[in-house]
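J.: Mind looking at a prediction? Sequence and model below.
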Protein chains: 2
Amino acid sequence: MYSIEKFYSAVEAGKHICVGLDADIEKIPSHLTKSDDPIFLFNKEIIDATRSNVAAYKLNFAFYEANGIEGLTSLKKTIDYIGDKIFIIGDAKRGDIGSTSAMYAKSVFDYFKCDAVTLHPYMGYDSVQPFLEYNDKLNFILALTSNKSASDFESLTLSSNEKLYQKVIEKVHQWNKQFGNCGIVFGATQLTQLQENINLVKGLPMLLPGVGAQGGSLEDVVTLFNKHRFSSYLINASRSIIYSSDGVQFAESAADELDRLNKAIAKISE
Amino acid sequence: MYSIEKFYSAVEAGKHICVGLDADIEKIPSHLTKSDDPIFLFNKEIIDATRSNVAAYKLNFAFYEANGIEGLTSLKKTIDYIGDKIFIIGDAKRGDIGSTSAMYAKSVFDYFKCDAVTLHPYMGYDSVQPFLEYNDKLNFILALTSNKSASDFESLTLSSNEKLYQKVIEKVHQWNKQFGNCGIVFGATQLTQLQENINLVKGLPMLLPGVGAQGGSLEDVVTLFNKHRFSSYLINASRSIIYSSDGVQFAESAADELDRLNKAIAKISE
């Protein structure tokens, strides 16, 4: 199955929760820390418990890079363990001049075998283009992020009277015409802006981080999307799922939390 | 010596050339490719030949990540080989929400032991702050980059009549008040904008990529800076130095090219 097909097959089946595997050695249950590769073991148990009900997994590269070669080995093992049936997002927030972006794309897509990546728009089209060339992969470009300082630049008003993030979304629509493999990242904490821009964002696959620990409301987002008959979205939850318990039953607890979120979506969608 | 001191000690000694170690297995001399770690061997020879005359080395993480764990092992070995006397820039173009940026900072500064990093400004202050907390490191934030598509967003005019990149530079000045460890990236290909903004950029350490293969003029940049008595800058050259020859004498040839650039700077500064 092509990468993009995995995305559509999940969302069309009504699965919208992306589990963020942001495993942190400081936070995983203590009984795991004696093993050879605690991070992989933690991820493996979470994957086993959630595999049948997730829409996607998101691997935040930073959490693995923080542990250097060892961490990146856990990342590679985790992605291999997920296998090729479930949509995998390499949340790497990359972006550089073309010849360098080509190398980052090689890393995320060819080496780590992710189905999708997250990208910074700041440097413009030629910084994104080498990723787009992988035409069955999905490229989520940062539009309006979930953090407070999104207001520093993303929400600035341009002389054309648009906000910068709106201009980014317009450009992403243009870039998307080439291979149809672009999407956007929009923070679930930015509900008012999501409501105001619903017609602008519709038609692009969307990745929404920020529910759970960051405070965004799953219910509000899903209600809005249903109202506008928009279904090509993934809502990411990381900490609220993977750290829902720090006991030996952590994976079961994670599966329960995922189940709760799935049911909340199903209830709104009835 | 603290990281920032390495930077100032180089530029105050009149050294301004940063050698970009963007080693690409497809481009390094063929006689190296039979060794166990051709990339490290290539870097090692370049370092041996240039160590006494460089201001800094810049490691473009993408080129190493493209080769996965093996590539990152070469990256680590290269940084260790450079040692702690020369300023090392981790050109990683990172930036994410605070808790994630803290992990990237851990990777670049604690694990890979870089003295500096390059960062995307798009997500704003809280995405940069965890890097700034390493208060003896230097953080080069992207302002106006060397690529053609810099015009897509970086050069957009805001309702305040400033360009976006000018607003970024203003913010970097504010952020810099905290620990004095911020700098900017400004493409050497953007000479007109550099001239027009010389008073805005002065006072911030500057990293200028884009001379050589990308077409920026070293002479024009140095003449401008000298005229304005500005010396806290590094001009990066990657391909034009490290690939100046593909023969067995490649490292000697790289040293000659570095020497030529150093002499060009010295001549302008007479």
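T.: Sure thing, it's come through. Numbers count the residues shown, from 1 in each chain, chains lettered A, B, ... in the order given.
J.: Can you tell me the SS state at the closest residue in space to residue A:63 that isn't next to it in sequence?
T.: Using CB to CB, 6 or more residues apart in numbering or on different chains and skipping residues adjacent in sequence, the residue nearest residue A:63 is residue A:22, 4.8 Å away. For glycine as for every other residue, the C-beta is placed from the backbone atoms N, C-alpha and C. The assignment at residue A:22 comes out as coil when based on DSSP: H, G, I helix; E, B strand; the rest coil.
J.: for the one 4 residues further on, same thing?
T.: Going by three-state DSSP, the secondary structure assigned to residue A:26 is coil.
J.: So for it, what's the pLDDT?
T.: pLDDT recorded at residue A:26 is 91.
J.: Could you give the average pLDDT over the host helix or strand of residue A:178?
T.: If you go by DSSP states H and E, residue A:178 is part of helix A:164-179. Averaging pLDDT along helix A:164-179 gives 98.
J.: do that helix and chain B meet at all?
T.: Yes: interface with chain B: helix A:164-179 contributes A:164, A:167-168, A:171 (CB under 8 Å from any CB of the partner chain).
J.: and that helix with helix B:164-179, angle?
T.: 120 degrees (axes from the mean of the first three to the mean of the last three CA atoms, to 10 degrees).
J.: which stretches of chain A form strands?
T.: A:17-20, A:56-60, A:87-94, A:116-119, A:138-144, A:182-186, A:206-208, A:233-237 (DSSP state E).
J.: CSV for those, including mean pLDDT?
T.: What follows is those, written out as CSV (pLDDT from 0 to 100):
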stretch, mean pLDDT
strand A:17-20, 98
strand A:56-60, 98
strand A:87-94, 98
strand A:116-119, 98
strand A:138-144, 98
strand A:182-186, 98
strand A:206-208, 98
strand A:233-237, 97
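J.: of the ones you listed, which approaches chain B most closely?
T.: Counting by CB to the nearest CB, chain B lies closest to strand A:87-94 out of those; the figure is 5.1 Å.
J.: Can you list the neighbours in contact with the closest one?
T.: A:3, A:6-7, A:10, A:18, A:20, A:55-61, A:79, A:82, A:101, A:104, A:108-109, A:112-120, A:131, A:140, A:142, A:207, A:234, B:62, B:93-96, B:120 (CB atoms under 8 Å, 6 or more residues apart in numbering or on different chains).
J.: give the contact list for the residue of the stretch 151-270 of chain A found nearest chain B.
T.: When scored by CB to the nearest CB, the stretch 151-270 of chain A has residue A:152 as its residue closest to chain B, at 3.0 Å. Counting by CB under 8 Å, 6+ apart, residue A:152 touches B:121, B:123-125, B:171.
J.: my read: residue A:11 touches residue A:225, true?
T.: No: Residue A:11 lies out of contact with residue A:225 (CB atoms under 8 Å); the separation is 10.4 Å.
J.: Which one's more surrounded, the two?
T.: Of the pair residue A:11 and residue A:225, residue A:225 is the one with more neighbours under other CB atoms under 10 Å in any protein chain shown, namely 24 against 20.
J.: Could you check how many residues crowd around the residue lying closest to that one once chain neighbours are set aside?
T.: Of all residues beyond its chain neighbours, the one nearest residue A:225 is residue A:233 (6.0 Å), with distances taken as CB to CB, 6+ apart. Counted with other CB under 10 Å, residues neighbouring residue A:233 total 21.
J.: got it, and residue A:35?
T.: 11.
J.: try residue A:46
T.: Around residue A:46 there are 25 residues (other CB under 10 Å).
J.: just residue A:247 next, same as before
T.: 10.
J.: Wait, it touches residue A:29, no?
T.: Yes: the pair residue A:247 and residue A:29 qualifies as a contact (CB under 8 Å) at a distance of 6.4 Å.
J.: And the contacts of residue A:152, which is closest to residue A:213?
T.: residue B:123 (17.0 Å; CB to CB).
J.: ok, that closest one touching residue A:155?
T.: No: judged on CB under 8 Å, residue B:123 makes no contact with residue A:155 at a distance of 11.3 Å.
J.: next one: stretch A:239-253 to chain centre, how far?
T.: 20 Å (CA atoms, centre = their mean, to the nearest Å).
J.: on that earlier part again, need the overlap of contacts for residue A:11 and residue A:225.
T.: By CB under 8 Å, 6+ apart, the residues touching both residue A:11 and residue A:225 are A:231, A:233.
J.: picking that back up, who has more neighbours, residue B:123 and residue A:155?
T.: Higher neighbour count among residue B:123 and residue A:155: residue B:123, with 29 against 16, using other CB under 10 Å.
J.: And the more buried one, how far from chain A?
T.: 5 Å (CB to the nearest CB, to the nearest Å).
J.: give me phi/psi at that residue?
T.: phi -80, psi 0 (degrees, to the nearest 10).
J.: How confident was the prediction at it?
T.: 98.
J.: Could you check how far it is from residue A:241?
T.: 23 Å (CB to CB, to the nearest Å).
J.: Residue A:190 now?
T.: The value you get for residue A:190 to residue A:241, if CB to CB is used, is 21 Å.
J.: between those two, which one's more packed in?
T.: residue A:241 (27 against 24).
J.: The more buried one against residue A:252, yeah?
T.: No: applying CB under 8 Å, one finds residue A:241 not in contact with residue A:252, separated by 11.9 Å.
J.: Name the residues of stretch A:60-69 that are buried.
T.: A:60-68 (16 or more other CB atoms under 10 Å in any protein chain shown).
J.: ok, so of these, who is nearest residue A:211?
T.: When those are compared against residue A:211 (criterion: CB to CB), the nearest one is residue A:60, at 15.2 Å.
J.: so that closest one touches residue A:239, yeah?
T.: No: taking contacts as CB under 8 Å, residue A:60 lies outside contact range of residue A:239: 10.8 Å.
J.: shared neighbours, those two?
T.: Joint contacts of residue A:60 and residue A:239 (CB under 8 Å, 6+ apart) are A:20, A:22.
J.: Packing partners of the lowest-mean-pLDDT helix or strand in chain A?
T.: Ranked by mean pLDDT, DSSP states H and E, the helix or strand of chain A with the weakest confidence is helix A:239-242, at a mean of 94. Applying 3 or more CB pairs under 8 Å, 6 or more residues apart in numbering or on different chains; DSSP states H and E, we find helix A:239-242 packed against strand A:17-20, helix A:38-50, helix A:250-268.
J.: Mind putting those into TSV with distance to chain B?
T.: Converted to TSV, those look like this (distance: least, CB to the nearest CB, whole Å):
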stretch	distance to chain B
strand A:17-20	10
helix A:38-50	12
helix A:250-268	19
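J.: Is it correct that residue A:58 is in contact with residue A:43?
T.: No: Residue A:58 is not in contact with residue A:43 according to CB under 8 Å; the separation is 11.9 Å.
J.: ok, now which ones touch the closest residue to residue A:68 other than its chain neighbours?
T.: Using CB to CB, 6+ apart and skipping the chain neighbours, the partner closest in space to residue A:68 is residue B:111 (4.1 Å). Going by CB under 8 Å, 6+ apart, residue B:111 touches A:65-68, B:76.
J.: can you check residue A:105 too?
T.: So residue A:105 contacts A:117, A:130-131, A:133-134 (CB under 8 Å, 6+ apart).
J.: Kindly state the pLDDT recorded for it?
T.: pLDDT at residue A:105 comes out at 98.
J.: how about residue A:185, what does it touch?
T.: A:118, A:140-143, A:145, A:206-209.
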